[in-house]
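Engineer: Sequence below, structure please.
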Amino acid sequence: MSGFDYDLFVIGAGSGGVRAGRIAARNKPSTVSLEQMLVAMLRANPQAFVGNNMNRLRAGAVLELPSAESAAAIEQ
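Structural biologist: This next block holds a predicted model:
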């Protein structure tokens, strides 16, 4: 994971170019696929995504990063 004592990620208002895939890739456990992490992030934070689309993060959103267990529970 990120090495921080918390599991929140804030999307800044001027953060053009920040993608869910990049956040997922940098914060996913090695036992979880990128796809599993993306789906887990979307399920944990539906309010952070426009139209329930994992490619459309809202500026100013606060993401709760899913645990390794919850991400691994997503079927591949």
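Engineer: any idea where the helices of the protein begin and end?
Structural biologist: Under the criterion DSSP state H, helices of the chain are mapped to 20-27, 34-44, 68-72.
Engineer: Could you point out which of those sits nearest Gly60?
Structural biologist: Minimum separation from Gly60 across those (Cβ to Cβ) falls at helix 20-27, 14.6 Å. For glycine as for every other residue, the C-beta is placed from the backbone atoms N, C-alpha and C.
Engineer: Point out where this structure drops to low pLDDT.
Structural biologist: 1-18 (pLDDT under 70).
Engineer: let's see it at 50
Structural biologist: Within the chain, the stretches with pLDDT under 50 are 1-6, 13-14.
Engineer: what about the residue nearest the centre of it, distance to Thr31?
Structural biologist: Centrality entry for the chain: nearest residue to the mean C-alpha point is Met41, 3.9 Å, by Cα atoms, centre = their mean. Separation of Met41 from Thr31 (Cβ to Cβ, to the nearest Å) stands at 16 Å.
Engineer: Now Leu42. Nearest residue, chain neighbours left out?
Structural biologist: In space, and not counting its chain neighbours, Leu42 is closest to Met54: 4.8 Å by Cβ to Cβ, 6 or more residues apart in numbering.
Engineer: ok, how many other residues are close to Gly53?
Structural biologist: Residue 53: Asn, not Gly. 10 (other Cβ atoms under 10 Å).
Engineer: which ones are touching it?
Structural biologist: Shown in contact with Asn53 (Cβ atoms under 8 Å, 6 or more residues apart in numbering): no residues.
Engineer: circling back to that earlier point, for the residue nearest to the centre of the chain, give me its contacts.
Structural biologist: Counting by Cβ under 8 Å, 6+ apart, Met41 has contacts 20, 23-24, 54, 63, 65-66.
Engineer: What is the nearest of those residues to Asn45?
Structural biologist: Of all those, Asn45 sits closest to Leu63, with 5.1 Å by Cβ to Cβ.
Engineer: What's opposite that closest one in the beta bridge?
Structural biologist: Phe9 (DSSP bridges).
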